[in-house]
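> below is the sequence, then the predicted model.
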4 protein chains.
Amino acid sequence: MATIGFIGLGNMGGPMAANLAAKGFRVRAFDLVEAARQRAQEAGCEVVGDPREAVAEAEFAITMLPSGPIVRDLWIERDLLSAVPAGCLVIDCSTVAPEDSRALARAATERGLAFLDAPVSGGVAAAAAGTLAFMCGGEAADVERARPVLLAMGSRVFHAGGHGAGAAAKLCNNLLLAIHMIGTAEALQLGVDNGLDPKVLSEIMRASSGNNWSLEKYNPYPGVMEGVPAARGYQGGFAVDLMLKDLNLALDAARERGSAVPMGALARNLYALHRGADPERGRRDFSSILELFRRSAKSL
Amino acid sequence: MATIGFIGLGNMGGPMAANLAAKGFRVRAFDLVEAARQRAQEAGCEVVGDPREAVAEAEFAITMLPSGPIVRDLWIERDLLSAVPAGCLVIDCSTVAPEDSRALARAATERGLAFLDAPVSGGVAAAAAGTLAFMCGGEAADVERARPVLLAMGSRVFHAGGHGAGAAAKLCNNLLLAIHMIGTAEALQLGVDNGLDPKVLSEIMRASSGNNWSLEKYNPYPGVMEGVPAARGYQGGFAVDLMLKDLNLALDAARERGSAVPMGALARNLYALHRGADPERGRRDFSSILELFRRSAKSL
Amino acid sequence: MATIGFIGLGNMGGPMAANLAAKGFRVRAFDLVEAARQRAQEAGCEVVGDPREAVAEAEFAITMLPSGPIVRDLWIERDLLSAVPAGCLVIDCSTVAPEDSRALARAATERGLAFLDAPVSGGVAAAAAGTLAFMCGGEAADVERARPVLLAMGSRVFHAGGHGAGAAAKLCNNLLLAIHMIGTAEALQLGVDNGLDPKVLSEIMRASSGNNWSLEKYNPYPGVMEGVPAARGYQGGFAVDLMLKDLNLALDAARERGSAVPMGALARNLYALHRGADPERGRRDFSSILELFRRSAKSL
Amino acid sequence: MATIGFIGLGNMGGPMAANLAAKGFRVRAFDLVEAARQRAQEAGCEVVGDPREAVAEAEFAITMLPSGPIVRDLWIERDLLSAVPAGCLVIDCSTVAPEDSRALARAATERGLAFLDAPVSGGVAAAAAGTLAFMCGGEAADVERARPVLLAMGSRVFHAGGHGAGAAAKLCNNLLLAIHMIGTAEALQLGVDNGLDPKVLSEIMRASSGNNWSLEKYNPYPGVMEGVPAARGYQGGFAVDLMLKDLNLALDAARERGSAVPMGALARNLYALHRGADPERGRRDFSSILELFRRSAKSL
């Protein structure tokens, strides 16, 4: 089995690296945080002392980091690319701006290395279960080459287009996710304000044209669905601050191209109103946006 | 089989009455338009000369009309309720304001008649196929009594709550539908502006957390999906003007209760911008909102 | 001097009637509330026992009431028009929908009476000071006839157009007022979040192209301006609930004509979010919308 | 009189440099465009062959350039700061992000040079008339030192705060300007759709609480005001593309601090819808946003 260098062992990267190890890949892993390294070791990864060591023998070098500037800093400014052996396929799974992905692709190409942007959909639960979806930008041949590695961490691999297309697809998806999550919260609260039971209304809309992923998998109204963040005080899940980060990236992509995204821009600002000055709210799951509308119901 | 009085034989009411007749009900039908009456007769209904005649012998009296004021005018101001025999169940399937439904329920109750508001989801295609979903407001016993009749026209019957709850659920659903349709159009155009293929992006988002009914059943981007309005120049389907009507009713319901519906209000105004002064645009399918964003793409 | 029937002696109507009396008009006044009648009497009005008595001898019959339905109920359903002597000019100063004004005009015309809609701008302070602006809809000759009466209560009289035009102008004005108040709050908080002093920023924008009435006369940021609601915890002034009422009327006028008002619709929903379930917030001055943004500043 | 190095002789910088020369300053000017250099020479400036030459003897070195990245590139990457003599005060009048201004201030400070960000309000007409307003960020003493120079180009000088505060104030102002311009357009079109004369409505709102700079100085409705862009097909004035640029900078400033700016974000997206794929629309004056609403009026 191939040797994989894996950098970034956080909430997402940790279980991803663990799944690779569990499927038999040799995983040389690094993270700045000791506890994360510890968990990776327990999950069967070889933990190494710095990023260069992690990728030194890699056939696939994977990063899963918090932001585009951090990814660029590591690969380009700190020149991690120079530590990668010839023939290695560099894969960035972080959620970043398409221009960051394209900058990485250019830098890799200059060194004769292949690159894929391959951000994921599915969140922490899917990372743990190994059911992530990968949205890849780059050459078709490289997507095929990466496929067995990606399928060890997920269940679907999409080829979105050239370099940056994976990043762009991720941002479009999360823009749409934010819009239908807020729309679902608005519609449910409007129903409750008009005397409807949120559970009954959810069931009706799921069976009707209002249906969407937020309603089907992630109902934001407490008491409607079990096992979702709304059932546990919006703890866990996908944090408001992370959704704000992704929305900001999507709005940047809109700005680059002059695209009009009025609903997406409103979504970003409703999340900013909801989050406010309160870091605690920023850490809660993004379906907590329901509370913005709940607080404002006259019926309360 | 029961005798049904059916008033309103338009794009929706016509096929609904035809399905009742096809299932063996005796349908006494009326519409102001001669062509509509003609079609109903060919479909096996007994066409009568005025609304009072239609309901005179009915066990179930159904209206399917263009707006709440028209429904109220017919049942209350013109006192059609006085023509209904004792024991008849009055059912309004029109999309109206919850307060209209409650006013009808009060008027019916005063005359000792049972009433259900039972607006539908599914559109013209589902009306023809007999696969509508009914969202009922009223007494549970009346919903059960109506169920066999409704299932002759549709495939699902929901009991949303008391009088007006069916109307409210319909409005919540269509508010959410408008939001995710516009969100889908925004996200697809943003992707295209950033170099993505709308077909590939649609496939990725359908498999991811961006998924929603608009993406799955009614893709607004031409060339992505067959058999939808986008594939035929946005002809047919659910007209922009009807969506505007439903959004206005939903915003009224929000206003009644003081609910905040920022995304829904923006959706209404984007449809108003899209429709503009052009009645032709008002008649096109509501997924044509894609063109509002397409016109504004720098890449065109 | 002419005899004036005046109905509605609240926060606005009370001082208006008092000013008429002070200028020497004979004012026969009525209100449902005893305390309001008491104050009118002390201000020199003849207080009478019911609305019909108030207008029975009037050359000008004025209403200043809380809403359009109340105005219509009084003049039309309760047929107060039948109590008005021939030749009397009926003037409604309430803020109502243009269609309400047109309905009143039609009902008055049927009885051979002249009618003006004449809503006011300026608020409680201007009502007391006699510096209101009147926005009149109706015949030019009737505006001229009313002018001396109106100028006893205000300082400017505008002829906006035919019946309903006064009401429409008032709603357009208040829509715009809400938009620039919220815009001012947003811009000031954005500046503060970026390290600016709100007083300095206010001074700069007043001298620049950002200038507007909210900034010049009614600064929403506490500590910037004296004598405004922001300087006294947003007590007094023009209540959030009244602004919401006017915005709802303006959005209705937009809906009637199919007009797109995206900024106005967002303003209404931001006020709904701000007001929420809290009647106390509904009573505070509308410049308190600043707190919606202040609560959400990371810098707090 | 002092010697001034002036770089950037476009629509704004050209007349600014000319005014300095006319007031007796020695102006050593540079621009990449030959025609601009020609005009500067005719206006009494000494035109030089490159930026370093322009600032080599300067007591005040002024840049007026199209964007922050261009300003940074010139002063920092191309190290123009190294060409400035000791004791020279560096002033950037371009509209840039506050972080750009702070980066320039840091770079200048490292070389022992004083720096002011001093963007302007007033547009091309005020630049020509010498009535600009300057919003300065930096040390108070430097603002005082610059004052005589700035007052040769304008009529007001504000000290907004420390480095970057001038840039921030400019962005707040233009955000607010965009909001009340769109609000004014919406309110005027709503009035017209409801039968009002835009001239009469403008007059009424100017005298009422709706008043704002757009209504008072820059009415967007054709036929209402003379000498404004709306009176000449929206030619000249402040281009839509420049407003979009400023709105994008303001939204960036909001994002940096987590500020909620829902009205400003909607304004940006309405301008993006209005501009669309049409560069011709991008060049027209920003008050042409009225056409977005005009196109959508049913009454047309």
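Structure's in. What do you need? Everything quoted here is computed from the prediction, not taken from an experiment. Numbers count the residues shown, from 1 in each chain, chains lettered A, B, ... in the order given.
> against A:Phe238, how distant is A:Val90?
26 Å (CB to CB, to the nearest Å). Glycine gets a C-beta too; all of them are placed from N, C-alpha and C.
> ok, now A:Ala83?
Distance, A:Ala83 to A:Phe238, using CB to CB: 32 Å.
> out of A:Val90 and A:Phe238, name the residue with the larger neighbour count.
Shown here are A:Val90 and A:Phe238; by other CB atoms under 10 Å in any protein chain shown, A:Val90 has more neighbours (27 against 22).
> check which helix or strand covers that one.
In this assignment (DSSP states H and E), A:Val90 forms part of strand A:89-92.
> show me what that strand is packed against.
strand A:60-63, helix A:98-110, strand A:114-117, helix A:140-151 (3 or more CB pairs under 8 Å, 6 or more residues apart in numbering or on different chains; DSSP states H and E).
> the last one - what's its average pLDDT?
Which is helix A:140-151. Summarised as a single mean, pLDDT over helix A:140-151 is 98.
> give me the buried positions along that helix.
Going by neighbour count (16 or more other CB atoms under 10 Å in any protein chain shown), the buried part of helix A:140-151 is A:Asp142, A:Val143, A:Arg145, A:Ala146, A:Val149, A:Leu150.
> and which of these is nearest to chain C?
Nearest to chain C, judged by CB to the nearest CB, of the buried residues of helix A:140-151 is A:Leu150 at 36.7 Å.
> how about the longest strand anywhere in chain A and chain B, touching?
Once chain A is assigned using DSSP state E, the strand that runs over the most residues is strand A:154-161. Yes: Strand A:154-161 lies within reach of chain B by CB under 8 Å from any CB of the partner chain, at A:Arg156, A:Phe158, A:His159, A:Ala160, A:Gly161.
> ok, the fourth one - contacts?
If a contact means CB atoms under 8 Å, 6 or more residues apart in numbering or on different chains, then A:Ala160 has A:Met135, A:Cys136, A:Gly137, A:Gly166, A:Ala168, A:Ala169, B:Leu196, B:Val200, B:Leu201, B:Ile204 as its contacts.
> how about the fifth one, what does it touch?
Contacts were defined as CB under 8 Å, 6+ apart; by that measure A:Ala168 touches A:Pro98, A:Gly137, A:Ala160, A:Gly161, A:Ala253, B:Gly191, B:Asn194, B:Gly195, B:Leu196.
> run through the stretch 51-200 of chain A and note the low-pLDDT ranges.
Residues of the stretch 51-200 of chain A meeting the criterion pLDDT under 70: none.
> which bits of it sit near chain B?
Counting by CB under 8 Å from any CB, the residues of the stretch 51-200 of chain A near chain B are A:98, A:121-123, A:133, A:135, A:156, A:158-162, A:164-165, A:168-169, A:171-177, A:179-180, A:182-184, A:186-191, A:193-197, A:200.
> among the residues you listed, which lie within strands?
Residues of these located in strands (DSSP E): A:Ser121, A:Ala133, A:Met135, A:Arg156, A:Phe158, A:His159, A:Ala160, A:Gly161.
> ok, the second one touching A:Arg156?
Read it as A:Ala133. Yes: between A:Ala133 and A:Arg156 there is a contact at 4.4 Å, judged by CB atoms under 8 Å.
> in TSV: the helices and strands packed on strand A:89-92, plus distance to A:Arg294.
Formatted as TSV, these follow (distance: least, CB to CB, whole Å):
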stretch	distance to A:Arg294
strand A:60-63	39
helix A:98-110	36
strand A:114-117	38
helix A:140-151	39
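> picking that back up, the more surrounded of A:Ala133 and A:Arg156?
The neighbour comparison of A:Ala133 against A:Arg156 (other CB under 10 Å) goes to A:Ala133, with 21 against 16.
> got the contact list for that one?
Applying CB under 8 Å, 6+ apart to A:Ala133 gives the contacts A:Val120, A:Ser121, A:Gly122, A:Ala126, A:Gly154, A:Ser155, A:Arg156, A:Val157, A:Phe158, B:Ile204, B:Ala207, B:Ser208.
> same question, A:Ser101
Residues in contact with A:Ser101 (CB under 8 Å, 6+ apart) are A:Asp92, A:Asp117, A:Gly137, A:His163, A:Gly164, A:Gly166, A:Ala167.
> partner residues bridging the first one?
A:Asp92 has these beta-bridge partners by DSSP bridges: A:Thr63, A:Asp117.
> count the neighbours of it for me.
Other residues lying near A:Asp92 total 31 when counted by other CB under 10 Å.
> for A:Asp285, what are phi and psi?
Dihedral angles of A:Asp285 (phi, psi; degrees, to the nearest 10) stand at phi -60, psi 150.
> now it, which residues is it bridged with?
A:Ala239.
> can I assume it is in contact with A:Asp241?
No: applying CB under 8 Å, one finds A:Asp285 not in contact with A:Asp241, separated by 10.9 Å.
> so between those two, which is more surrounded?
Of the pair A:Asp285 and A:Asp241, A:Asp285 is the one with more neighbours under other CB under 10 Å, namely 23 against 17.
> can you tell me how far the more buried one sits from D:Ala21?
62 Å.
> okay, helices next: where are they in chain A?
A:13-22, A:34-42, A:51-55, A:68-72, A:98-110, A:123-129, A:140-151, A:165-193, A:198-206, A:213-217, A:240-257, A:262-275, A:279-283, A:290-294 (DSSP state H).
> out of the ones you listed, deepest packed?
Counting by mean count of other CB atoms under 10 Å in any protein chain shown, helix A:165-193 has the highest mean neighbour count of the helices of chain A, with a mean of 30.
> ok now it, how far from the chain's centre?
Relative to its parent chain, helix A:165-193 has a centroid offset of 15 Å by CA atoms, centre = their mean, to the nearest Å.
> quick check: domain ranges of chain A?
A:3-162, A:168-294 (automatic domain parsing).
> tell me which of those domains sits nearest to C:Leu65.
C:Leu65 lies closest to domain A:168-294 among the domains of chain A, at 27.7 Å (CB to CB).
> residue in the stretch 101-250 of chain A nearest to chain D?
Closest point on the stretch 101-250 of chain A to chain D, by CB to the nearest CB, is A:Asn248, at 5.4 Å.
> isn't that residue up against A:Asn269?
No: between A:Asn248 and A:Asn269 there is no contact under CB under 8 Å: 11.0 Å.
> give the contact list for A:Arg102.
Counting by CB under 8 Å, 6+ apart, A:Arg102 makes contact with A:His163, A:Gly164.
> before we move on, back to that, which residues do A:Ala133 and A:Arg156 both contact?
B:Ala207.
> so which bits of the stretch 201-300 of chain A are right by chain D?
Proximity of the stretch 201-300 of chain A to chain D (CB under 8 Å from any CB) is limited to residues A:244, A:248, A:251, A:254-255, A:258-262, A:265-266, A:268-270, A:272-273, A:275-276.
> does stretch A:191-210 reach chain C?
No: Stretch A:191-210 lies apart from chain C when judged by CB under 8 Å from any CB; the minimum separation is 9.9 Å.
> from the chain's centroid, how far away is that stretch?
29 Å.
> out of the helices and strands packed on strand A:89-92, nearest to D:Asn219?
With CB to CB, the closest approach to D:Asn219 among the helices and strands packed on strand A:89-92 belongs to helix A:98-110: 40.2 Å.
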